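Asks: Here is my input, please return the structure:
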Amino acid sequence: MTTITISGTPGSGKSTIAKILQKKLNMPYVYSGMLFRNLAETHNMSLSEFSKYCEQNEQIDRELDDKQVEILKSGNVILEGRLSGWLAYKNKINAIKIMINADENIRASRIVNREGGSIEQRKQEMKHREKSEQKRYLSSYKIDLLDTSIYDLIIDSSEKTPDEIVIMILAFLNKGFLDN
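Replies: Coordinates of the predicted model:
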């Protein structure tokens, strides 16, 4: 039984990659960001506003994280989320931890293609969200999102297609990291 976490920055392509990987491996896939987005919607807030709200309301992050830990403990799943790798690491859950990142301009462009708006607007929102998350996670969990030392595989998606990245992940898994 294998558990895989896919973490990364907003717009890095982690959702697309996780969905393709799910099909290739025929494993359950959970997107923790949807839980966060649904809560933001429930509170009638943008992601940026909701991130700021969460800075003052730590219990929301805790609830989301408890759900992710429960999912990770059940095993045999691909869990995509900003903190999924860190949650596996901190809770000593055996998982293959993958980090996806990309150049800021490329990430902003991807978000514009997906959600509209301007690149400058999206860059500002990304910066605000990343700053908010960095502050919250450092304060609440002593997790430094800039520390990538816990990841088994780090991929820059700036100049790669999602299919190329999935091939890289599958090659990594086939080197003996995937249960047979």
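Asks: In contact with the residue nearest to Tyr151 when sequence neighbours are not counted, which residues?
Replies: Nearest residue to Tyr151, sequence neighbours excluded (Cβ to Cβ, 6 or more residues apart in numbering): Met99, at 4.2 Å. The way it works is simple: take the backbone N, C-alpha and C, and place the C-beta from them, glycine included. For Met99, the contacting residues are 7-8, 85, 148, 151, 153-155, by Cβ atoms under 8 Å, 6 or more residues apart in numbering.
Asks: filter the residues you listed to the buried ones?
Replies: Among the contacts of Met99, those buried by neighbour count (16 or more other Cβ atoms under 10 Å) are 7-8, 85, 151, 153, 155.
Asks: Specify which member of the residues you listed is nearest to Glu55.
Replies: Glu55 lies nearest to Ser7 out of the buried ones among the contacts of Met99, by Cβ to Cβ, at 20.2 Å.
Asks: part of a helix, is that closest one?
Replies: No: applying DSSP: H, G, I helix; E, B strand; the rest coil, one finds Ser7 to be strand, outside a helix.
Asks: Surely it and Ser84 touch.
Replies: Yes: with contact defined as Cβ atoms under 8 Å, Ser7 reaches Ser84; the gap is 5.4 Å.
Asks: Which neighbours do those two have in common?
Replies: Contacts common to Ser7 and Ser84, judged by Cβ under 8 Å, 6+ apart, are Lys97.
Asks: And the helices in this structure?
Replies: Shown for the chain, the helices assigned by DSSP state H span residues 14-25, 32-42, 47-56, 58-74, 84-90, 104-115, 119-141, 162-172.
Asks: Tell me which of those helices approaches Thr2 most closely.
Replies: helix 14-25 (8.1 Å).
Asks: Perfect, I'm done here.
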